[in-house]
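Colleague: Provided below are the primary sequence and the corresponding predicted coordinates.
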Amino acid sequence: MSTIKLPTYGLPQEVANIPFGQVVLLTNPYLGILTKTTHMIEFILSMAKDYKVEHNISTRPVQYSGLWDCFVCKVKVDEDVQILVSDKDSLVEMLCEFWGLDYEEVRKSYKLPVRYKKMGMTCGGEDHPIRVSLPPRSPLPSSKEDDSRIILGCMQEAQTRDEAYGNFRSTIIDNFNNGYGITLDEIIAIYKEEEKKRKTYTLDIHKVPKEDYVKGKKVILIKDCVLKLIDNYGKEYPFDAPVKSKAIYLTFLLFPKGFWIKDIAGNQEFYDAFKKIYTQLPYFSKKYLPDNFDQLSDIDSTEYKCFLQQMGDTRDAIMDVTNDNSARKQFAIEGDYYTPFRVAGATDENREKVKKIFGLK
């Protein structure tokens, strides 16, 4: 069964920009390279040796959780440039195309080593790599009196102000060195244009009530808790996630300073808030309510990895509806090795709303 989940907004930039000539294994940025990662790399190297083909493998972290542990490569089909995306059930077929081998012949003769069968790999099953065609890149326009457009697609996404400043300076240097002729007036014009188009967002949390009777007494329960972002033009972007992931998200909203995941283990305040939120959401299941989060102290535990995935569910949902990294950075649960995970854009008003809806102090 295929485990590939492509984002609705298209391939993330870090995947679309992979180079020709290598297979890239996409990793969870919060876990890095694991034992299973090295096993899969060993498999590719072993198969390449069996068929006497050249091989070049790399790993690349990707934010979108549906692509974790997937394999990608870039190929040219006629005049079309495509990204092939595979999981462990379709990897062999992807490698055959990448190396120019006849897949039908390989599937008849190749014997998958037992150790990889135990990891869940298959060869010759019903799953196939997903093909994503890349749009042709627009050439940088030459400077003309009647055409003041500027395309700066070569700039890399910056994580800090210093990186952004360096990228911008590098682009200006390229302009001079390559004789593009982009003028200062054109740069100022595009700055003002992008400033006008810039989107900002606010988070809206809305309770949908329902009436019910408990021991003959009418009570108001929660039919749903609706989450949506609203941009500065008034457009709404509702987003949702599985019930446990949603409860984790709402709990993180309550803590402006956030947490490193391991620090959630044994934190009674976090667990109590999560439990109260989770058990009031529709479709919750007592079966999946954890006794506590103690296992999160072990980064190798299944619970730790599932927790990362569950945090990623709301991140993916935000990207699906906005296709905007600024929205993700502000309103998803974001963090890394150096900063705690938190919802940076959450306000005191958001926190009070969550407390009011779920009866938290």
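Modeller: Yes, it's here.

Colleague: Going by C-alpha atoms from here, please, whenever you check contacts or count neighbours.
Modeller: Noted.

Colleague: Look up how far residue 327 lies from the most centrally placed residue in the chain.
Modeller: Against the mean C-alpha coordinate of the chain, by CA atoms, centre = their mean, the closest residue is residue 64 at 1.7 Å. Distance of residue 64 to residue 327, given as CA to CA, to the nearest Å: 14 Å.

Colleague: Let me know the pLDDT of the residue of the chain most remote from its centre.
Modeller: Here the chain reaches farthest from its C-alpha mean at residue 216, the gap being 46.6 Å by CA atoms, centre = their mean. The model reports residue 216 with a pLDDT of 78.

Colleague: Kindly provide the distance from it to residue 233.
Modeller: When residue 216 is compared with residue 233 (using CA to CA), they lie 46 Å apart.

Colleague: just for the stretch 151-300 of the chain, where's the confidence low?
Modeller: 151-159 (pLDDT under 70).

Colleague: any idea where the helices of it begin and end?
Modeller: For the stretch 151-300 of the chain, the helices defined by DSSP state H, counting those that start in this stretch cover 161-177, 184-197, 243-253, 261-264, 268-278.

Colleague: how about the last one: buried residues?
Modeller: Within helix 268-278, the residues that count as buried by 16 or more other CA atoms under 10 Å are 270, 271, 273, 274, 275, 277, 278.

Colleague: Would you check that the first one makes contact with residue 251?
Modeller: Put plainly, it is residue 270. Yes - between residue 270 and residue 251 there is a contact at 7.1 Å, judged by CA atoms under 8 Å.

Colleague: OK, contacts around the residue farthest from the centre of the chain?
Modeller: Going by CA atoms under 8 Å, 6 or more residues apart in numbering, residue 216 touches no other residue.

Colleague: Looks like residue 175 contacts residue 181 (just checking).
Modeller: Yes - here residue 175 reaches residue 181: they are 6.6 Å apart, a contact under CA under 8 Å.

Colleague: Excluding covalently adjacent residues, which one is nearest to residue 86?
Modeller: Spatial nearest neighbour of residue 86, chain neighbours left out: residue 129 (4.6 Å); criterion: CA to CA, 6 or more residues apart in numbering.

Colleague: Spit out the contact partners of that neighbour.
Modeller: So residue 129 contacts 84, 85, 86, 87, 90, 91, 93, 94 (CA under 8 Å, 6+ apart).

Colleague: Next, the residue lying closest to the fifth one once chain neighbours are set aside: secondary structure please.
Modeller: Counting by CA to CA, 6+ apart, residue 90 lies nearest to residue 128, which is 5.0 Å off, once chain neighbours are set aside. Three-state secondary structure (criterion: DSSP: H, G, I helix; E, B strand; the rest coil) places residue 128 in coil.

Colleague: give me every residue that touches residue 128.
Modeller: Applying CA under 8 Å, 6+ apart, the residues near residue 128 are 86, 89, 90, 93, 94.

Colleague: Save these as JSON lines, and put in neighbour count and pLDDT too.
Modeller: As requested, the contacts of residue 128 are exported to JSON lines (neighbours: other CA atoms under 10 Å; pLDDT from 0 to 100):
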{"residue": "86", "neighbour count": "27", "pLDDT": "94"}
{"residue": "89", "neighbour count": "21", "pLDDT": "89"}
{"residue": "90", "neighbour count": "24", "pLDDT": "92"}
{"residue": "93", "neighbour count": "23", "pLDDT": "94"}
{"residue": "94", "neighbour count": "24", "pLDDT": "94"}
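
Colleague: Give me the angle between the biggest helix by length in the chain and helix 243-253.
Modeller: The residue-count maximum for a helix in the chain (DSSP state H) belongs to helix 302-322. Put simply, helix 302-322 runs at 80 degrees to helix 243-253, going by axes from the mean of the first three to the mean of the last three CA atoms, to 10 degrees.

Colleague: Centre of the chain to helix 302-322, how far?
Modeller: How far helix 302-322 lies from its chain's middle: 8 Å, per CA atoms, centre = their mean, to the nearest Å.

Colleague: buried stuff in the helix or strand following it?
Modeller: Sequence order places helix 325-331 as the next helix or strand after helix 302-322, per DSSP states H and E. Across helix 325-331, burial judged by 16+ other CA under 10 Å covers 327, 328, 329, 330, 331.

Colleague: nearest to residue 315, of those?
Modeller: Residue 315 has its nearest neighbour among the buried residues of helix 325-331 in residue 328, at 6.2 Å by CA to CA.

Colleague: Wait, the closest one touches residue 319, no?
Modeller: Yes - in terms of CA under 8 Å, residue 328 counts as a neighbour of residue 319; the distance is 6.4 Å.

Colleague: Once you drop chain neighbours, what's closest to residue 5?
Modeller: residue 66 (4.5 Å).

Colleague: wait, isn't the one you found in contact with residue 4?
Modeller: Yes - Residue 66 is within contact range of residue 4, at 6.2 Å (criterion: CA under 8 Å).

Colleague: Mutual contacts of these two, please.
Modeller: With the criterion set as CA under 8 Å, 6+ apart, the contacts of residue 66 and residue 4 do not overlap.

Colleague: In CSV: the contacts of residue 129, plus secondary structure and distance to residue 259.
Modeller: Formatted as CSV, the contacts of residue 129 follow (DSSP: H, G, I helix; E, B strand; the rest coil; distance: CA to CA, whole Å):
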residue, secondary structure, distance to residue 259
84, strand, 36
85, strand, 33
86, strand, 34
87, coil, 32
90, coil, 37
91, helix, 37
93, helix, 42
94, helix, 39
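
Colleague: what about residue 299, how many neighbours?
Modeller: 14 (other CA atoms under 10 Å).

Colleague: Tell me who's in contact with it.
Modeller: 31, 262, 305.
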